[in-house]
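**Q** structure for this input, please:
(4 chains)
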There are 2 protein chains.
Amino acid sequence: MHSTAPKGHSLDEAPEDCIHCEIRRLAICAVLKEEELAAMMAITRYRSLAPGEMIFEEGEPARSLYNVASGTVRIYKLLPNGRRQITGFLFAGDFLGLASPKAYAYGAEAVTEVNLCQFDSAAFKSLVDRFETVKSRLLERANDELTVAQEQMLLLGRKTPLAKLSSFLLRLSSNNARWERPVDTIELSMTREDIADYLGLTIETVSRTFTKLKGDGVIALPERSRVVIREFDKLEEIAEDFD
Amino acid sequence: MHSTAPKGHSLDEAPEDCIHCEIRRLAICAVLKEEELAAMMAITRYRSLAPGEMIFEEGEPARSLYNVASGTVRIYKLLPNGRRQITGFLFAGDFLGLASPKAYAYGAEAVTEVNLCQFDSAAFKSLVDRFETVKSRLLERANDELTVAQEQMLLLGRKTPLAKLSSFLLRLSSNNARWERPVDTIELSMTREDIADYLGLTIETVSRTFTKLKGDGVIALPERSRVVIREFDKLEEIAEDFD
DNA sequence: GGCGGAATTTGATCAGGATCATAGCTAGGC
DNA sequence: GCCTAGCTATGATCCTGATCAAATTCCGCC
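**A** Numbers count the residues shown, from 1 in each chain, chains lettered A, B, ... in the order given. Predicted coordinates for the structure are as follows:
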């Protein structure tokens, strides 16, 4: 069912060769020289997951770290009463497993089909010690994530539903920019429920808020999972929650 | 009595000598050998602030990094409409300025009287490059903060006011534990407004929630700014939001 | 010790978003 | 191409926490 061997060939597929990996330029491996990449490849295993498959659970000993090669991953925390907070979505080039000294502080699941580069934590750690640049890169990454986390706290604690959803769309849009894809068309790879659990809302409120943005002409929704930004400036204004 | 630091000499004061610094064991400097400390001291300036004083503003170029030697610091982000989200409180031993590649991603202010060890960013950076252990320590710290940030997202997005405040009190309590202070008595160095802006609530709701916890006998409030935890287990249960 | 101002608490009301309920869509399977 | 199940949208109602409004307590200061 879910073996490491991919079934067909596609650009989205995990390339079993770091040297030609298209994801590299934005992943942590960007800092590695070719000969260093060899060391990296030596500790790498590839893993493909179907939508909904779990990668690891919160509290589990952190035996592996990952690079997302393709697809969308959600990381989340649960409350005993079943309520869920998605603390982030990861895309191609993102590093998964930071913030985990011993046990994973959060669970991770595939949202779409996902390809991962999997590293054994111990092996990865010694690789980090060998290549200083990787450690710097990780620190850089951790800092970026911290900045994003703070932005998200502002969103969760103080923004209206309208501003929350607008901010979310703009974030997806700038992720498109990172990959030189059009910034005004967004493919939503996650469900309304995922979005709700990310923004601290309910599905109903997310849905109504989409309808509102559509009604105001700020976005269009040609399909359920495709958003077209019609008025970028307006969306940015709403996201900043001017009164 | 009077637990605030007096103007003259006190244990709470920033010691202008890293070697005998009592804060060191929990600060990033813990990993430094005595001779390395000298290098650290060479780039350190000490700075004392009165309650309410600004340390830096969001967006400002990140020229300095800090260690909190004593007191409480709040870091926060603002929305154009004036709403504020406090993204963290820092205490003695905490590092301030992480997550800031070029410009500070958040503002920082003294809550109480505060003593800081101030480092020039550039000098600190080269020190980090000289002492590998410091870089590792910073990465460790960043990871810890990321874990805390995710916990906070869960709190902001999915917890009830009662669970929010309980979680907050428990966090302060474990900060006491870190310093081998009693875990069942908590000094609130910040106002209700600060707490509200940290938990994504209003002052009124914070106040009512304190009253509720008091009424249920879970805590006592002998003074405005002193909380005594009466039923630890109960508080932990409420913080996890069992239905 | 009394005064004044700020912080906190408490009370009354309101509204935004959650919840409950139902209907409409859409994609995947046959 | 149709059926079904799950996702999404919309409608109705409720309720929690925000807002508005005092009252009260606390603390620094003279």
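
**Q** grab the nearest non-local neighbour of the most centrally placed residue in chain A.
**A** In chain A, the residue lying closest to the centroid (Cα atoms, centre = their mean) is residue A:90, at 1.0 Å. Using Cβ to Cβ, 6 or more residues apart in numbering or on different chains and skipping residues adjacent in sequence, the residue nearest residue A:90 is residue A:73, 4.2 Å away. To be clear about C-beta, it is placed using only N, CA and C from the backbone, and glycine gets the same treatment.

**Q** quick one: residue A:45 from residue A:105, how far?
**A** The spacing between residue A:45 and residue A:105, counted by Cβ to Cβ, to the nearest Å, is 23 Å.

**Q** of the two, which one has the most company?
**A** More neighbours surround residue A:105 than the other of residue A:45 and residue A:105, with 23 against 13 (other Cβ atoms under 10 Å in any protein chain shown).

**Q** and the pLDDT at the more buried one?
**A** You'll see residue A:105 listed with a pLDDT of 96.

**Q** and for residue A:13?
**A** pLDDT at residue A:13 comes out at 48.

**Q** doesn't residue A:87 make contact with the residue nearest to residue A:90?
**A** No - checked against Cβ atoms under 8 Å, the pair residue A:73 and residue A:87 is beyond contact range at 11.6 Å.

**Q** for residue A:84, give me its contacts.
**A** With contacts defined as Cβ atoms under 8 Å, 6 or more residues apart in numbering or on different chains, residue A:84 is in contact with A:76, A:77, A:78, A:197, B:158.

**Q** related to what we said a few turns ago, residue A:73 and residue A:87: which is more packed in?
**A** Set residue A:73 next to residue A:87 and count neighbours by other Cβ under 10 Å: residue A:87 wins out with 26 against 23.

**Q** which strand or helix spans that one?
**A** strand A:84-90 (DSSP states H and E).

**Q** inside strands: which ones of the contacts of residue A:84?
**A** A:76, A:77, A:78 (DSSP state E).

**Q** the closest residue to residue A:30 other than its chain neighbours: neighbour count?
**A** Spatial nearest neighbour of residue A:30, excluding adjacent residues (Cβ to Cβ, 6+ apart): residue A:24 at 5.7 Å. By other Cβ under 10 Å, the residues close to residue A:24 number 20.

**Q** you'd agree residue A:24 is up against residue A:31?
**A** No - applying Cβ under 8 Å, one finds residue A:24 not in contact with residue A:31, separated by 9.7 Å.

**Q** and residue A:219, how far is that from residue B:56?
**A** Look at residue A:219 and residue B:56: by Cβ to Cβ, they are 36 Å apart.

**Q** tell me the contacts of the residue nearest to the centre of chain A?
**A** Contacts for residue A:90 (Cβ under 8 Å, 6+ apart) come out as A:68, A:72, A:73, A:74, A:75, A:96, A:108.

**Q** likewise residue A:96?
**A** Contacts for residue A:96 were tallied using Cβ under 8 Å, 6+ apart; they are A:55, A:65, A:66, A:67, A:68, A:73, A:75, A:90, A:108, A:116.

**Q** next one: residue A:64
**A** A:56, A:97, A:118, A:119, A:120, A:121.

**Q** partners of it in the sheet?
**A** residue A:120 (DSSP bridges).

**Q** assumed residue A:148 was part of a strand.
**A** No - read with DSSP: H, G, I helix; E, B strand; the rest coil, residue A:148 is helix and lies in no strand.

**Q** number of nearby residues for it?
**A** 16.

**Q** burial count for the residue nearest to it when sequence neighbours are not counted?
**A** In space, residue A:148 comes closest to residue A:88 once its chain neighbours are excluded; the distance is 7.6 Å by Cβ to Cβ, 6+ apart. For residue A:88, the neighbour count with other Cβ under 10 Å is 19.

**Q** kindly report the same for the one 4 residues further on.
**A** Residue A:92 is flanked by 22 other residues according to other Cβ under 10 Å.
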